[in-house]
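Q: after the sequence you'll find the predicted model.
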Amino acid sequence: MPTNEETIRTLYAVAEASSKDTDKFVSLFADDGYFYDVPGGRKYYGKDIGMPVDAMVAAFPDMHRELYKFYVKDDVVIVELALQGTHKGDFHIAGGVLAPTGKTMDAPCCDVFHLREGKVTSFHCYNLPSVVLQQLGVLENLAAALKLG
């Protein structure tokens, strides 16, 4: 059985735009596992766990997660990373849809995973929407940039 760190590295690899495999991503979760987009306030269960991966690749077709540091203790894995990509597709966020800006993001993120018997039971993603929106050039006038979705 892979180590917990290896499982999480696989999870990131199949979430990359260049090698996206949503079914494989979902398969790495326990039956009762979930993905929690903390700033968005939404939890995803079952097949819906793959929705954030698909949405990010649709908005950022070159989506990449630069993995900086892993912290592993028993069944907990914490990862410091950056979300990187060029905004070329509709980006669905709370409040509406942001049309492509053509700008790039390189936003800090911290992910916290709990695992049981090699499967992810919880994935809490702590990203910084304000940094992403600033880098995309829309933070100053977000209301004008959004299409109601």
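A: That came in fine, so what should we check first?
Q: would you map the strands across the protein?
A: Ranges of strands within the chain are 29-37, 42-45, 64-73, 76-86, 91-93, 96-98, 104-116, 119-127, 146-147, based on DSSP state E.
Q: so what strands line up beside the last one?
A: Within its sheet, and counting by DSSP bridges, strand 146-147 is paired with strand 96-98 (antiparallel).
Q: Lys20 versus the residue nearest to Pro2 when sequence neighbours are not counted, what's the distance?
A: Take Pro2 and drop its neighbours on the chain: the residue closest to it by Cβ to Cβ, 6 or more residues apart in numbering is Gly118, 6.5 Å away. Backbone N, C-alpha and C define where each C-beta goes, glycine included. According to Cβ to Cβ, to the nearest Å, Gly118 stands 22 Å off from Lys20.
Q: Throw the strands of the chain into JSON lines and include mean neighbour count, thanks.
A: Formatted as JSON lines, those follow (neighbours: other Cβ atoms under 10 Å):
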{"stretch": "strand 29-37", "mean neighbour count": "17"}
{"stretch": "strand 42-45", "mean neighbour count": "15"}
{"stretch": "strand 64-73", "mean neighbour count": "14"}
{"stretch": "strand 76-86", "mean neighbour count": "18"}
{"stretch": "strand 91-93", "mean neighbour count": "20"}
{"stretch": "strand 96-98", "mean neighbour count": "18"}
{"stretch": "strand 104-116", "mean neighbour count": "18"}
{"stretch": "strand 119-127", "mean neighbour count": "18"}
{"stretch": "strand 146-147", "mean neighbour count": "13"}
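Q: many thanks, have a good one.
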